[in-house]
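J.: With the sequence up front, the predicted model follows.
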Amino acid sequence: MSFKIIEKAIIKYLIQEANSEDLNTLSDWIQTPENQIIFEDYVKTYYKINLAMSNPDVNKIKGNLLQQINKDKNKTRKLIIRKNVIKYAAAAVLVGVLATSYFFKDKFFNNSIEDPTPTIVDTKTIVPGTDKATLTLGDGSIVVLEKGNTYQGQNANSNGEEIVYEASKQRPTEIVYNYLTIPRGGEYYVVLSDGTRVWLNSETQLKYPESFIEGETREVELVYGEAYFDVSPSTEHKGSNFKVFNKSQEVEVLGTEFNIKAYRDEVNIYTTLVEGKVVVDNGISKQNLIPNQQSNLNLEKNSIKVAVVDVEEEISWKNGVFSFKGKSLKNIMRVVSRWYDVDVIFLDKKLEELKFKGVLGKNQSIEEILSIMKSSTISDYKIEGKTIILK
């Protein structure tokens with residue numbers, strides 16, 4: 001079964017949106033010890049990105065889940081899981097609850113008299129992002145990838161939510177490149193022909209070969225946007241390294257997990273190492289990263305700085321939430337605009353630099369997010385079509 005399907009089932013379970021099919025899938029998958037570890041990591045991630053709450057009792061959650069799953073093997077098992085297991089992940093569910101109930105600045109906000117109802121002209125066209133992408137093949141032809149549409153290529157297939165490439169049975173004589181372009185309001189998942197897994201965020205484009213040439217360096221280009229890479233190790237490919245390029249830097253890896261954020265409307269490129277080892281090279285200097293470090297390439301100064309960061313916060317977008325810890329409203333709304341495919345106007349420019357702490361679910365409506373902001377700092381907002389006006 002596709003890991004993307006499993007990942008979505010875990011996320012939907014944690015935010016209390018799993019249906020009976022999701023729960024059935026998860027209950028079967030979690031039977032093996034290695035999958036239990038993966039599930040545990042997801043629970044830890046959801047706890048770590050919450051708002052400075054206490055550490056999770058992951059073992060209790062996992063233990064109760066496994067106990068409940070093993071308790072019943074009959075047809076009513078999924079109903080029992082749905083009724084009982086969710087309560088044991090209550091703290092994880094709090095992430096979603098907090099996202100709809102609070103928006104933190106430095107502390108919980110006191111209750112206050114509600115402001116007048118904001119002006120909402122039309123929000124029907126504003127919906128959370130979903131799985132969608134445009135695939136450009138080597139011959140220039142274009143394939144639209146989205147839910148409900150399948151695609152079968154020579155060595156690739158898509159179920160509408162992901163695209164998976166198979167290694168070529170014959171050594172290719174030349175490299176043929178594909179482009180996967182994710183629009184605003186979209187995300188996508190791709191498995192490259194060497195087994196490398198890549199999660200692509202909104203407004204992102206990745207260039208990669210249909211097949212890598214065995215024994216030669218594997219190279220892809222993050223043209224722009226944000227991507228999370230889980231690279232197939234060089235030991236499985238005759239020692240061939242893996243490199244990710246963009247116009248301003250090169251990242252060389254050996255078998256690792258990392259995130260690169262390189263949007264066209266930002267002057268910084270962030271490379272965050274989750275595990276393994278990478279070398280970031282901007283043509284002037286090279287920086288070795290170890291896990292939990294992030295390089296910050298300033299494009300205006302062409303300089304690289306390295307700092308220790310909260311990895312879970314940096315990669316939370318991949319796991320179904322946006323985590324903001326001390327981010328400015330300007331940066332937050334930049335993320336929101338990409339995911340909801342909207343334009344944002346600040347009537348009061350001072351709002352742009354205000355700092356926030358908070359967790360937002362990627363499935364929340366735009367009205368929920370703006371209401372959270374209104375309960376804290378902004379005095380009002382207005383929605384006109386696909387434009388949000390903050391006051």
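T.: Nice, I can see it. No experiment lies behind these values; they were computed from the predicted model shown.

J.: mind checking how far Ile383 is from Val342?
T.: Remark: distance between Ile383 and Val342 (CB to CB, to the nearest Å) = 8 Å. For the C-beta atoms, the positions are set from N, CA and C on the backbone; glycine is no exception.

J.: Show me the common contact partners of those two, please.
T.: Counting by CB atoms under 8 Å, 6 or more residues apart in numbering, the common neighbours of Ile383 and Val342 are Ile126, Ile366.

J.: for Ser371, phi and psi?
T.: Per-residue torsions, Ser371: phi -70, psi -40 (degrees, to the nearest 10).

J.: contacting residues around it?
T.: By CB under 8 Å, 6+ apart, Ser371 has no neighbours at all.

J.: Repeat that for Gly276.
T.: Val231, Val253, Leu254, Gly255, Thr256, Glu257, Phe258, Pro291.

J.: Could you find the lowest-pLDDT member of those residues?
T.: Model confidence across these bottoms out at Gly255, which has 74.

J.: I'd guessed that one sits against Thr235; true?
T.: Yes: using CB atoms under 8 Å, Gly255 is in contact with Thr235, at 6.9 Å.

J.: okay, now the domains of the protein?
T.: 3-101, 119-125+320-390, 130-314 (automatic domain parsing).

J.: So what's the residue count around the nearest residue to Leu297 once chain neighbours are set aside?
T.: The spatially closest residue to Leu297, leaving aside those adjacent along the chain, is Ile269, at 4.3 Å (CB to CB, 6 or more residues apart in numbering). Neighbourhood size, Ile269 [other CB atoms under 10 Å]: 23.

J.: Show me which positions of the helix or strand containing Ile269 end up buried.
T.: Element membership of Ile269, judged by DSSP states H and E, is strand 268-275. Buried residues in strand 268-275, counted by 16 or more other CB atoms under 10 Å: Ile269, Tyr270, Thr271, Thr272, Leu273, Val274.

J.: For the first one, give me its contacts.
T.: This means Ile269. Asn246, Ser248, Gln249, Ile260, Lys261, Ala262, Asn296, Leu297, Leu299.

J.: change it to 10 Å
T.: 222, 246-249, 251, 260-263, 280, 282, 295-299, 304 (CB atoms under 10 Å, 6 or more residues apart in numbering).

J.: Any stretches of this structure with poor pLDDT?
T.: Applying pLDDT under 70 to the chain flags the ranges 1, 4, 12, 14-17, 41-124, 376-377.

J.: in the chain, which spans are helices?
T.: 3-14, 20-29, 33-48, 58-71, 77-88, 90-101, 311-314, 329-340, 366-374 (DSSP state H).

J.: Give me the angle between the first one and helix 20-29.
T.: Taking axes from the mean of the first three to the mean of the last three CA atoms, to 10 degrees, helix 3-14 and helix 20-29 form an angle of 110 degrees between their directions.

J.: tell me how far helix 3-14 is from the chain's mean position?
T.: The chain centre lies 13 Å from the centre of helix 3-14; the measure is CA atoms, centre = their mean, to the nearest Å.

J.: sorry, back to before: and Gly255 and Thr235? Which one has more around it.
T.: Using other CB under 10 Å as the criterion, Gly255 and Thr235 rank with Gly255 on top: 18 against 10.

J.: so the more buried one touches Arg218, yeah?
T.: No: contact between Gly255 and Arg218 fails when scored by CB atoms under 10 Å: they sit 11.0 Å apart.

J.: Check the contact lists of the two and give me the overlap.
T.: By CB under 10 Å, 6+ apart, the residues touching both Gly255 and Arg218 are Thr196, Val231, Ser232, Ser234, His237, Asn241, Phe242.

J.: Quick one: residues contacting the closest residue to the third one other than its chain neighbours.
T.: Looking back up the chat, that one is Ser232. Leaving aside its sequence neighbours, Ser232 sits nearest to Gly195 (CB to CB, 6+ apart; 3.9 Å). Counting by CB under 10 Å, 6+ apart, Gly195 touches Val164, Tyr165, Glu166, Ala167, Asp230, Val231, Ser232, Pro233, Glu236, His237.

J.: wait, the third one sits on Ser211?
T.: So that's Glu166. Yes: with contacts counted by CB under 10 Å, Glu166 reaches Ser211, the gap being 8.6 Å.
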